[in-house]
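Asker: coords please:
(one chain, ligands or ions: 2)
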Amino acid sequence: MPPPAASQPVGSGQWRGEYYNNRNLLGAPALVRGDDRVDFNWGFGSPADGVIGADNFSARWTNTVNFPSGLYRFRITVDDGARVFVNDQLVIDAWRVQGTTTLDSGEIALGGSAPLRVEYFEDTGEARVALTWLPTGGAPQPTSTPPPPGEIWTAEYFNNPDLSGASALVRGEGGAIDYNWGTGSPAPGIINSDNFSARWNRAVNFSAGTYRFLRPGGRRRAPLRKRQADHRPMATTRSHRVRR
Ligand SMILES: [Ca+2]
Ligand SMILES: [Ca+2]
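Answerer: Ligands and ions are numbered 1, 2, ... in the order given. Below is the predicted model of the structure:
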């Protein structure tokens with residue numbers, strides 16, 4: 001029979017640390033406590049004198065961490081073995097008897113909160129484990145990018161009816177695409193009153209579903225079936241062509 005688990009409070013934001021007096025996370029933990037970081041160098045000692053042995057023990061740490069959208073790389077430095085899970089996916093497998101070893105994950109796209117889990121075991125001799133992560137500086141996934149503040153359209157105007165060549169004017173425009181220029185120009189002195197064209201682009205957040213795009217006052221309707229089933233923002237660009 002394992003001894004009753006010792007339990008200490010796990011604070012908000014802390015890692016929940018479960019410690020076992022065996023190498024395989026078996027049975028009930030002998031100790032549960034909050035740890036501020038997964039960053040320990042116990043040397044020849046124990047994580048908890050009198051409760052956990054100095055050899056042949058294991059531990060599991062779990063936490064939920066909020067990540068700004070982007071690409072990340074996780075790194076474990078460990079003696080002896082460890083596994084790292086992000087979103088319940090194994091991203092580093094270093095589960096073996098070994099002296100101090102450092103291993104990196106591949107690039108992982110994250111945005112918002114993600115469950116993290118580290119599993120660790122000590123064979124004999126010295127014991128240490130440290131988890132870190134860093135943004136890789138890679139471009140965030142387009143599907144995780146929120147729309148720009150103020151929901152600004154990028155408007156490009158062309159002095160031809162075909163959106164061809166370089167635009168004659170590019171400007172940000174807030175609000176709806178809802179203009180009545182009459183016999184005038186969208187930008188007198190820059191854009192003609194006739195034979196011009198324009199394109200508006202903007203990222204829009206859509207909840208999952210099917211949408212119909214309507215032209216106010218027009219009879220044409222263009223259905224768009226949203227292909228994504230999750231709730232992440234969808235980056236989309238829609239071209240709206242105007243001839244007058
Ligand atoms: Ca040891
Ligand atoms: Ca060791």
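Asker: which parts of the protein sit against ligand 1?
Answerer: The chain comes close to ligand 1 at residues A54, D55, A127, as judged by CB under 5 Å from the ion. The way it works is simple: take the backbone N, C-alpha and C, and place the C-beta from them, glycine included.
Asker: among those residues, which ones are buried?
Answerer: A54, A127 (16 or more other CB atoms under 10 Å).
Asker: now secondary structure and distance to D104 too, for the residues of the chain next to ligand 1, in JSON lines please.
Answerer: Formatted as JSON lines, the residues of the chain next to ligand 1 follow (DSSP: H, G, I helix; E, B strand; the rest coil; distance: CB to CB, whole Å):
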{"residue": "A54", "secondary structure": "coil", "distance to D104": "29"}
{"residue": "D55", "secondary structure": "coil", "distance to D104": "27"}
{"residue": "A127", "secondary structure": "strand", "distance to D104": "21"}
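Asker: which ones among the residues of the chain next to ligand 1 also lie next to ligand 2?
Answerer: Of those, not one also sits near ligand 2 (CB under 5 Å from the ion).
Asker: which one of the residues of the chain next to ligand 1 is nearest to ligand 2?
Answerer: Of all the residues of the chain next to ligand 1, the one with the least separation from ligand 2 (CB to the ion) is A127, at 5.2 Å.
Asker: tell me what the closest one is bridged to.
Answerer: G43 (DSSP bridges).
Asker: surely it is in contact with W42?
Answerer: Yes: between A127 and W42 there is a contact at 4.4 Å, judged by CB atoms under 8 Å.
Asker: okay if I get the residues of the chain next to ligand 1 as JSON lines plus pLDDT?
Answerer: Compiled in JSON lines, those are given as follows (pLDDT from 0 to 100):
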{"residue": "A54", "pLDDT": "98"}
{"residue": "D55", "pLDDT": "98"}
{"residue": "A127", "pLDDT": "98"}
